[in-house]
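Enquirer: using only what follows, build the 3D model:
(2 chains)
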Amino acid sequence: MTALVLRQDGPGTETVPGPPRRLLGLVVALVVLVVLLVLSVMIGSTAIGPSVVWDALFHSSAGIDQFAIRDFRLPRTVVGLVVGVALGLSGALIQALTRNPLADPGVLGVHAGASFAVTVAVGLLGVRDAQGYMWFAFAGALVVTLLVLAFGSTRQGSSPVVMVLAGVCVGAVLGGAREALQLTDPDAFDAMRNWNAGSIAGRPLEVVWPILPFLAVALVLAFAVSGPLNALALGDELAVAQGVRLVHTRVLAVIALTLLAGGATAIAGPIGFVGLMVPHVARWIVGPHQRWIFAYSVLLAPSLLLVSDILGRIVMRPGEIPVGIVTAFVGAPVLVALVRRKKSSGL
Amino acid sequence: MSNTPLTRRGAALAAALMSASLVLTACGSDGDDTGDKATEARGGKAAGTHSVKAENGTVEIPVDPRRIVTIGNTNLPFIDLGGKPVGVTEASESDLDVLPEEQRTAYEAAEIVGSDGGEVDLEKLAALEPDLILVQFHSNDWDKVGKKLQAIAPTVYWGLDTEWKAFADAIAEAGNVTDALSRQKAEFDEKVTKIQETYGKVIDSTSFVDVSRGDWSDPGTFYIADIGCSEIARDDIGLDLPEAAEGEDPLAYESLPFEQIGELSEYDVVTYPVDADGRPTEPFVPVVETNTWKALPAVSSGRALGVFCPGNNSYGPVIQYLDSLGSALATLPGKQ
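Expert: Residues are numbered from 1 along each chain as shown, chains lettered A, B, ... in the order given. Next comes the predicted model:
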């Protein structure tokens, strides 16, 4: 029963499950994700039988329901998977980088930057579709995070605390500017309503493909810095003593999380809670080992997103609720229950 | 309190200054300062008055008003009746794009006194010296500015839920343009009768559904239109179109995901919005581009009809809608 053995591991002092149990958990998370991917294709606002779904996926039949599966549910499921992976991993990165379990990508101004850029695009340039928003959101997220990085860098290097403060300040300023723009242009406000709620509905795969290379690079970078981030959790001095290059590690981590959060926001709009909650849950399961936290976040975050999206499709049939609203309703009670039940692992 | 006399003196001074500035504003607004548009439209003050009933009660207004300002949804219906307002609030570009040339000219000749969102520049409005103000907008906006408008000139206000025919009657009466209304009503009745007579068989034996999508719609959603022009097709022409159950919100209020497009298969004929040139409206293009739409029986058999609806708040645009609907019905097989 090695999988059940708890032992001291990682930089913290908590008892955590050993590698076999972590691996088993990872397999279970993968199975859950696969099941949710299948359910996401099978369940929607219209009742479509499993045989039709099978037919749509594996044959080129041209029925109305088959088109609905191929044109709407399949892209939506892929978008949910990609956005979920990006949100979960970016949340794990920001919590590790700032050593703050309450951090999410929003604290570096990612959402504020993306939202401001989209508001400018909608209000001043007349952009009205998801594909049009995409590059503005992505560019806004990148530019603002670089700005925060610059503001947060002192002569002594980049401090997570200063970076977070800079992120909060820039986010507040941009949030105010965005609100002002939206108040002066009610049409822009109306057009951005759905985008602001965060949704994976109505996004064609054409929105995903251009962002995917950036997310792939970010994924590699994230796992590459997972080891140094473990050492950083012990404090800057001990990390340096272990040979970690602080600035190098932080810059790579910020680049990775910006690409991930910026990409996810560009595709789906600002979806909160996933990047905050999932790394928490992952840390409770595997302890303070960043590589394992990252791996679990990659599997659990799309699961949370997909289950929320499925619920959003069926609770108000034939209408739908944007996934960004459902994640909060689904995630908050779960997180509260976990917090009450178990003490968080250290960072 | 030792500073009370000072405060009183300050208040008196402020009141005096405000009064002086109002007098100066009134003086400055007279004559050429209001601009050519206002000067051109200016005539003598109306002689007699009469009472009209509206949302804001019984209002005493001039029998023959000469300087009318229209606010909110009264702009285009009044112009549609041949009215020439001296002041208007902004209309959306999409509404202006479908206006007949002479109506657009009348709209552009008027001073803009506010946004389309209920904001009114009261100083600019007062400077136009209106003898009548016609208003239709949200009750919240009325609560904000209603009394101020009434202080400037007799003001007639209608709520947003006023039925369009009653609204046209009321505007025509208040604006003294009833002759134009009578002509429009006669034309409307004639066109309705013609459609009913020509396509009676189709109307009796066909199930219709009207679908639409606005530029405010969420991505990947559309709605079943049961209000606006669709309501006219159902209630005046007699088309078998779906409508919400009694006491429920209109179907149009519910956004449906694109995968619900397949549910339209149960209807014989699908109507959808097109522009004046017969092309699907820009917001509706994503719907017609889906494979699900193309696979609908109505679409593949030529029973998806594009219909032009430039507006549904006055007879002029409704008559254009009836023309478009009649032309669309003419393309159906076995139409007689």
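Enquirer: how far out from the middle of the chain is the helix or strand encompassing B:A328?
Expert: Assigned by DSSP states H and E, B:A328 belongs to helix B:315-330. Counting by CA atoms, centre = their mean, to the nearest Å, helix B:315-330 is centred 17 Å from the centre of its parent chain.
Enquirer: neighbouring contacts of it?
Expert: B:80-81, B:98, B:100, B:103, B:164, B:168, B:181, B:184-185, B:187-188, B:191-192, B:194-195, B:198-199, B:202, B:229, B:232-233, B:237, B:271, B:274, B:305-312, B:335 (CB atoms under 8 Å, 6 or more residues apart in numbering or on different chains). Yep, even glycine has a C-beta here, placed from its N, CA and C like the rest.
Enquirer: ok, which of these also contact chain A?
Expert: Near chain A, judged by CB under 8 Å from any CB of the partner chain, there are no entries from the contacts of helix B:315-330.
Enquirer: distance of A:P288 relative to chain B?
Expert: 40 Å (CB to the nearest CB, to the nearest Å).
Enquirer: I figured that residue hits A:A233, correct?
Expert: Yes - the pair A:P288 and A:A233 passes the contact test of CB atoms under 8 Å, sitting 6.2 Å apart.
Enquirer: quick one, which of these two is more surrounded?
Expert: A:P288 (22 against 18; other CB atoms under 10 Å in any protein chain shown).
Enquirer: would you agree the more buried one falls within a helix?
Expert: No - using DSSP: H, G, I helix; E, B strand; the rest coil, the assignment for A:P288 is coil, not a helix.
Enquirer: strands paired with the strand or helix carrying B:K53, and their directions?
Expert: Assigned by DSSP H and E, B:K53 belongs to strand B:49-54. With DSSP bridges as the test, strand B:49-54 is paired with strand B:57-62 (antiparallel).
Enquirer: centre of the chain to the partner strand, how far?
Expert: Counting by CA atoms, centre = their mean, strand B:57-62 comes out at 22 Å from the chain centroid.
Enquirer: ok, residues contacting that strand?
Expert: B:45-53, B:131-132, B:154-156, B:174.
Enquirer: same question, stretch B:168-187
Expert: Outside stretch B:168-187, the residues that touch it by CB under 8 Å, 6+ apart are B:52, B:54, B:61, B:63-65, B:68, B:74, B:77-78, B:80-83, B:132, B:134, B:156, B:158, B:162, B:313-316, B:319.
Enquirer: now, of those residues, which are buried?
Expert: For these, a burial check counting by 16 or more other CB atoms under 10 Å in any protein chain shown picks out B:54, B:61, B:64-65, B:68, B:74, B:77-78, B:80-83, B:132, B:134, B:156, B:158, B:162, B:313-316, B:319.
Enquirer: and B:A186, how far from chain A?
Expert: 37 Å.
Enquirer: show me the strands in the stretch 151-300 of chain A, by range?
Expert: Secondary structure of the stretch 151-300 of chain A (DSSP state E, counting those that start in this stretch): strands at A:153-154, A:157-158.
Enquirer: let me see the contact set for the residue in chain B that chain A sits nearest to.
Expert: Of all residues in chain B, B:G220 sits closest to chain A, at 2.0 Å by CB to the nearest CB. Applying CB under 8 Å, 6+ apart, we find B:G220 in contact with A:F72, A:A201, A:G202, A:R203, B:P257, B:F258, B:P286.
Enquirer: low-scoring stretches of the stretch 201-336 of chain B, by residue?
Expert: B:334-336 (pLDDT under 70).
Enquirer: and it, which of its residues are near chain A?
Expert: Residues of the stretch 201-336 of chain B lying close to chain A by CB under 8 Å from any CB are B:215-216, B:218-221, B:254-263, B:265, B:290-292, B:295-296.
Enquirer: and the residues you listed, which are buried?
Expert: With burial judged by 16+ other CB under 10 Å, the buried subset of these is B:218-221, B:254-263, B:290, B:292, B:295-296.
Enquirer: show me the residues you listed that map onto strands.
Expert: B:T221, B:L256, B:P257 (DSSP state E).
Enquirer: and the last one, how far from B:T290?
Expert: Pointing back at B:P257 there. Distance, B:P257 to B:T290, by CB to CB, to the nearest Å: 11 Å.
Enquirer: now swap in the first one and tell me
Expert: Using CB to CB, B:T221 is found at 12 Å from B:T290.
Enquirer: what sits in contact with each of these two?
Expert: Common neighbours of B:T221 and B:T290 (CB under 8 Å, 6+ apart) are B:F258.
Enquirer: and the gap between B:V270 and B:A225?
Expert: 11 Å.
Enquirer: same question for A:L125.
Expert: When A:L125 is compared with B:A225 (using CB to CB), they lie 29 Å apart.
Enquirer: quick one, phi psi at A:Q242?
Expert: phi -90, psi 10 (degrees, to the nearest 10).
Enquirer: ok, now B:D210?
Expert: phi -110, psi 120.
Enquirer: all helices in the stretch 201-347 of chain A, in order from the N-terminus.
Expert: A:205-208, A:212-224, A:226-232, A:236-241, A:246-268, A:274-286, A:290-314, A:323-341 (DSSP state H, counting those that start in this stretch).
Enquirer: and the stretch 51-200 of chain A, which of its residues are near chain B?
Expert: Counting by CB under 8 Å from any CB, the stretch 51-200 of chain A sits next to chain B at A:62-65, A:67-68, A:70-73, A:128-130, A:186-187, A:190-191, A:193-194, A:199.
Enquirer: hmm, back to that, okay, B:V270 and B:A225: which has more neighbours?
Expert: Of the pair B:V270 and B:A225, B:A225 is the one with more neighbours under other CB under 10 Å, namely 25 against 21.
Enquirer: which ones are touching that one?
Expert: B:D210, B:V211, B:S212, B:L251, B:A252.
Enquirer: give the contact list for the third one.
Expert: With contacts defined as CB under 8 Å, 6+ apart, the neighbours of B:S212 are B:F222, B:Y223, B:A225, B:A252, B:Y272, B:P273, B:F284.
Enquirer: low-scoring stretches of the stretch 1-150 of chain B, by residue?
Expert: B:1-47, B:116-118.
Enquirer: can you give me the helices for it?
Expert: Under DSSP H, counting those that start in this stretch, the stretch 1-150 of chain B gives helices at B:4-29, B:36-41, B:75-80, B:93-97, B:101-109, B:122-127, B:139-152.
Enquirer: what's the neighbour count on B:L99?
Expert: 21.
Enquirer: quickly note the distance from it to A:G324.
Expert: 39 Å.
Enquirer: and B:A91, by the same measure?
Expert: Using CB to CB, B:A91 is found at 34 Å from A:G324.
Enquirer: just want the angle from the helix holding B:A328 to helix B:101-109.
Expert: 140 degrees (axes from the mean of the first three to the mean of the last three CA atoms, to 10 degrees).
Enquirer: just the CA trace of helix B:315-330, in CSV.
Expert: Taking Å, rounded to 0.1, in the frame of the first residue of the first chain, the C-alpha atoms of helix B:315-330 are listed here in CSV:
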residue,chain,number,x,y,z
TYR,B,315,-46.7,53.6,-40.1
GLY,B,316,-44.0,54.6,-42.7
PRO,B,317,-41.4,51.9,-41.8
VAL,B,318,-44.2,49.4,-41.1
ILE,B,319,-45.6,49.9,-44.6
GLN,B,320,-42.1,49.2,-46.0
TYR,B,321,-42.1,46.0,-43.9
LEU,B,322,-45.4,45.0,-45.4
ASP,B,323,-44.0,45.6,-48.9
SER,B,324,-41.0,43.4,-48.1
LEU,B,325,-43.2,40.7,-46.5
GLY,B,326,-45.5,40.7,-49.5
SER,B,327,-42.6,40.3,-51.9
ALA,B,328,-41.1,37.5,-49.8
LEU,B,329,-44.4,35.6,-49.6
ALA,B,330,-44.6,35.9,-53.4
